[in-house]
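**Q** The following block contains a protein sequence and its predicted model.
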Amino acid sequence: QVQLVESGGGLVQTGDSLRLSCAASGRTFSSYAMGWFRQAPGKEPEFVATISRSGDSTYYTHSVKGRFTISRDNAKNTVYLQMNSLKPEDTAVYHCAAGNIISVVRTQYLYWGQGTQVTVSS
């Protein structure tokens, strides 16, 4: 069992930056690939970024590539999502997730956090 708690969300303006954190407890954090997903009101959950267990492989959805960076610190049991040049369309609840393989598919992830709200005003 892994417990995930996100933090770092908030209300920002277009062009601002935020760094989301996801702290994990429970079983060995480094044994899981990690992902970030987001869900905007009235929309389906959307894959954002994923990172391998060691952190040497990452993958992003096209709309955030070049603006967002996923990273992890296995010593701190934490995964991060650095979000730069934020746009109103980035507004959503952001969830982190842990799974056995690096994946863009939501159902491949086993454990989920409750989410943190990111709101970008125009």
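**A** Here it is on my side, so go on.
**Q** Could you pull out the strands in the chain for me?
**A** Taking DSSP state E as the criterion, the chain carries its strands at 2-7, 10-13, 18-26, 33-39, 46-51, 58-60, 68-73, 78-83, 92-99, 109-112, 116-121.
**Q** Take these and write them to TSV, including mean neighbour count and mean pLDDT.
**A** The way it works is simple: take the backbone N, C-alpha and C, and place the C-beta from them, glycine included. Formatted as TSV, these follow (neighbours: other C-beta atoms under 10 Å; pLDDT from 0 to 100):
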stretch	mean neighbour count	mean pLDDT
strand 2-7	17	96
strand 10-13	13	98
strand 18-26	18	94
strand 33-39	24	98
strand 46-51	22	98
strand 58-60	17	98
strand 68-73	18	98
strand 78-83	23	98
strand 92-99	23	98
strand 109-112	17	96
strand 116-121	17	98
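**Q** Could you report the neighbour count for residue 104?
**A** Other residues within reach of residue 104 by the criterion other C-beta atoms under 10 Å amount to 15.
**Q** That one: what's it in contact with?
**A** Contact criterion C-beta atoms under 8 Å, 6 or more residues apart in numbering gives 35, 47, 50, 59, 61 as the residues in contact with residue 104.
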